[in-house]
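Peer 1: Need the 3D shape of this:
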Amino acid sequence: MKILIIEDEKKLAVMLKAGLEKEGYAADYLTDGESGQRRIELHHMDYDLVLLDLMLPKRDGSEVCKNIREQNISIPILILTAKSGTDDKINLLDLGADDYLVKPFSFNELLARIRALMRRPENSLPSELKIGDLALNSVTRKVVRNGREIKLTLKEFRLLEYLMRHPNQVVNRDQILDNLWDFTFDSFSNVVDVHMKNLRKKVENGGNDRLLETIRGVGYRIRV
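Peer 2: Residues are numbered from 1 along each chain as shown. The predicted structure is shown next:
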């Protein structure tokens, strides 16, 4: 899951990005409404959620939200606001926000709101995935193959989950980077290949049939 943070208080934006990445999300941040709206318009298919502050330079968050919805861009938007009045909250929802969180807030509450938004029917994805004798639970972050639990790093887990959500599809390195790393990551890095090598070693340990395939010159595929 990839999240775009639009927050003018840079210290908070950096903290949110670091916290989200620690939880296994990929995150980018921008510090003004104009560039934030432009990023959403051009790259909304690359993100799963927007965290949008209201008080932004160049263009305020409510205007960004309104403009995005008028373009029929349906990406979930979670507003971060210092306004706690009932009328303010109603206005935010009327503009097209999916939820709001009043500052100051706890990071655990933010995570709970993010999870709740992703459970909504239009965005819901199965939490349990199974391919052959390989099973993955995205809630418990547990991976089991042929009765053996496999210990993965957070990035390895997200990579395996991404592949399992696209069975029999060849996904290239750029697609993986777009979904699991942030916008500024060096696309010439071999980090994907390194993670795939480690993931394959763990998943296919013990003589199991091979599931993870490298399609030379193209990308990777998990075979059903």
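Peer 1: now the lowest-mean-pLDDT helix or strand in the chain, how far from the centre of its chain.
Peer 2: Using mean pLDDT, DSSP states H and E, helix 86-95 stands out as the lowest-scoring helix or strand of the chain, at a mean of 76. Chain-centre distance of helix 86-95: 26 Å, with CA atoms, centre = their mean, to the nearest Å.
Peer 1: quick one: buried residues of it?
Peer 2: 88-89, 92, 95 (16 or more other CB atoms under 10 Å). Just so you know, the C-beta spots here come from the backbone N, C-alpha and C atoms, and that holds for glycine as well.
Peer 1: Pull the residues that contact that helix.
Peer 2: Outside helix 86-95, the residues that touch it by CB atoms under 8 Å, 6 or more residues apart in numbering are 54, 62, 65-66, 69, 79, 81, 83, 100.
Peer 1: Now with 10 Å, please.
Peer 2: 52, 54, 61-70, 77, 79, 81-83, 85, 97-100, 102 (CB atoms under 10 Å, 6 or more residues apart in numbering).
Peer 1: quick one: which of these sit in strands?
Peer 2: Members of the contacts of helix 86-95 lying in strands (criterion: DSSP state E): 52, 77, 79, 81, 99-100, 102.
Peer 1: need the contact list for residue 106.
Peer 2: Contacts for residue 106 (CB under 10 Å, 6+ apart) come out as residue 112.
Peer 1: Please apply the same query to residue 75.
Peer 2: Residues in contact with residue 75 (CB under 10 Å, 6+ apart) are 4, 40, 43-50, 68-69, 98, 123.
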